[in-house]
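Asks: structure for the following, please:
(one chain, ligands or ions: 1)
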Amino acid sequence: MRSIKSLFVALFVALPAFSQVGYIPSEANQKARAEFEDARFGIFIHWGIYSILGDGEWAQQVQNLPYAEYSRMAAGFYPSKFDAAEWVSAIKGSGAKYITITSRHHDGFSMFGTKASPYNIVDATPFKRDIIGELAKECQRQGIKLHFYYSHLDWGREDYYPLGRTGWGTGRKIAAEGKKEHPATPLKRSYLDFMNTQLTELLTNYGPIGAIWFDGVWDQDAFSREEQPKIWNLYEQYALIHRLQPSCLIGNNHHMLPFEGEDIQIFEQDIPGQNEAGLSGQEISRLPLETCKTMNNSWGYNMKDKNYMSPAGVVQYLVRTAGKGANLLLNIGPRPDGTLPEEALARLKTLGAWLKVNGETIYGTDGGCIDKQDWGVTTQRGKTLYVHLLPQADNPLPETLQLNIPKAQNRLKAATLFAGGEKIPFKQTSKDITLTLPTLDNAQPDIILELTFAKEL
Ligand code: GLC
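Replies: Residues are numbered from 1 along each chain as shown. All right, here's what the predicted structure looks like:
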C-alpha cells in the first residue's frame, strides 16, 4: 500500500494539470492583464436569436417561452445586414480597445459553428454564417482584441441539472417534474463536458482570444460560495482555458469575490465600490477591474427601451470608471437584421471624438490617488495627476479646488488646463493644494486639469 505521504506527493504533482488551486498566472497572462488594464474601454455585444423578439436577452425566461417553440426562431434568423467590418470600424472609432461578444447566452443558442450542438448559427439558421468567425477575422484585420461572453447556465438543455433559480417555465421535463429542491450534486457531467468542448472550439478556431467572460453562476444560488467552484467544476474549466491560451483572461460575473484561476474582476451595472443597481456589493479584489454597463436599460436589443444615457453622460461614466481604476465595458444590443441602433452609434462617435483628444488622461492610467469628489474624479500616471471636473446640471463647479494628496513630500510643480495648457494658480502646504480655477466651460462633459509633481504619486 502506498504511504499517505507518497499519495499526497502524487496528488500535489498531479494537481496543476487539472486544477487552478494555487494558481500563479503565467508570464503571458500577466502581460495580458497589464494590457487589459491599459485599455480602459471595451464594447460589449449582446446578440442572439432573442433579438428577433426585441425584448432583451431574457425574453425566454421573462415570458416563459417553451424551448420547443423558442428554438424555432433560429430557422427565421437571417441578419441580412450584418457586416463585421462595419461593426468593427464603428467600435474602433469609439476608441474602444476590445470587443466582448455573446458566443452563447442563457437561451443556449450558439452564435458560432459548433460540433457540440446543432442549436447554432451555422446549422440551425438559413444564414449559415459563423458570425463569431467573421468578427474574429475582422478584429484581427483591424487590430482590436476579441473576448467571448459564455453563459454557464442554460434554459433549454435537459442536462443543465440541477436547475437553478431561472428556467422553470421553458418547458423542460425536469421542470415539469417539479423538482424544486436542489440535490447537493454537481451539474451533470455531460453538461460540463459540453461546455468544455465548446470552450475548446472557441479557443482553437478563432485565433487569440483576449478573455472568456462567464455569466450565470448566480443561477445556482442555493449553493454556498465554497460549493460553487465544485458544482461547476470551475478549476478544471479554468485550467483548460489557460492551457489552450495562456494569455486568455478569465472573468466571471458571479457577483462575488473572484475564485482562484480568475484574472479579472467584473462588476455589473456599477463602478466598483458603488452598488446602485444592487449587483455589485462584493469587495474589490486586487485583480484588474471591469464594469459592464448598458447605455439604456437593456443588454439585448429592446425595441421599446429608448432610455439612453446622454452622450455626455456616457463620456462621464467612462471617466468615472477610469477614476476608480476600472475598465468600462459598454453594451450594445444589435437588431436582428444585424444593424447597430443609431442611438448606440451616436454615442460611439461622441466617445471616439472625445478620446481622440483626451485619451491620454484615460488609457494607461491608474485610478487617481484622490478618491471621487462632488466635482469629479482623478486618474494618474507617474508624476502626473489628471483632475477630471465633471459638471452636473445640479452641481456647479467650484471656483477654487481643494486637493489633499497622500504624500506630504511631493511638490506640485505645475498645474495647467489639459486643453490649451493655460496655467492655473495654486498654493501648496504639505499635503494640501488649493487651485484657483479660471472661468470654465460647463458645457463640456469633462474639464481636465493636468498636475505635474516632483515625484511619482
Ligand atoms: C446579467 C444578465 C445577463 C447579461 C449580463 C451582462 O448577468 O443576466 O443577461 O448578459 O448580466 O452583464
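Asks: so Tyr235 versus Glu262, what's the distance?
Replies: 11 Å (C-beta to C-beta, to the nearest Å). Placement of C-beta: from N, CA and C, glycine included.
Asks: apologies, that question was intended for Leu329.
Replies: For Leu329, the distance to Glu262 - C-beta to C-beta - is 16 Å.
Asks: settle it for me: which of the two has more neighbours?
Replies: Neighbour count, other C-beta atoms under 10 Å: between Leu329 and Glu262, Leu329 has more, with 25 against 21.
Asks: quick check, the more buried one in a helix?
Replies: No. Assigned with DSSP: H, G, I helix; E, B strand; the rest coil, Leu329 falls outside any helix and is strand.
Asks: ok, and the closest non-adjacent residue to it?
Replies: Once flanking residues are discounted, Leu329 sits nearest to Cys292: 4.3 Å by C-beta to C-beta, 6 or more residues apart in numbering.
Asks: cool, Thr166 as well?
Replies: Closest to Thr166 by C-beta to C-beta, 6+ apart is Gln61, at 5.1 Å.
Asks: give the contact list for Asp215.
Replies: 106, 149-152, 252-253 (C-beta atoms under 8 Å, 6 or more residues apart in numbering).
Asks: is it in a bridge, and if so with what?
Replies: Ser151 (DSSP bridges).
Asks: any idea how far the ligand is from it?
Replies: Distance of Asp215 to the ligand, given as C-beta to the nearest ligand atom, to the nearest Å: 5 Å.
Asks: from Thr416, how far off is that residue?
Replies: 43 Å.
Asks: about what we covered before: surely the residue nearest to Leu329 is in a strand?
Replies: Yes. Assigned with three-state DSSP, Cys292 falls within a strand.
Asks: so what's it up against?
Replies: 44, 253, 266-269, 329, 331.
Asks: write out the residues of the protein neighbouring the ligand.
Replies: Taking C-beta under 6 Å from any ligand atom as the contact definition, the chain meets the ligand at 46, 57-58, 215, 253, 268, 292, 299.
Asks: now with 5 Å?
Replies: 57, 215, 268, 292, 299 (C-beta under 5 Å from any ligand atom).
Asks: let me see the contact set for the third one.
Replies: Contacts for Glu268 (C-beta under 8 Å, 6+ apart) come out as 253, 255, 277, 279-280, 291-292.
Asks: before we move on, the earlier item: for the residue nearest to Thr166, phi and psi?
Replies: Gln61 adopts backbone torsions of phi -70, psi -50, taken as degrees, to the nearest 10.
Asks: okay but it is in contact with Gly167, surely?
Replies: Yes. Checked against C-beta atoms under 8 Å, the pair Gln61 and Gly167 is within contact range at 6.4 Å.
Asks: between those two, what contacts are shared?
Replies: 106, 155.
Asks: pretty sure Val21 is touching Tyr235, no?
Replies: Yes. Contact criterion C-beta under 8 Å: Val21 and Tyr235 qualify, at 6.1 Å.
Asks: look at those two and report which has more neighbours.
Replies: Higher neighbour count among Val21 and Tyr235: Tyr235, with 19 against 13, using other C-beta under 10 Å.
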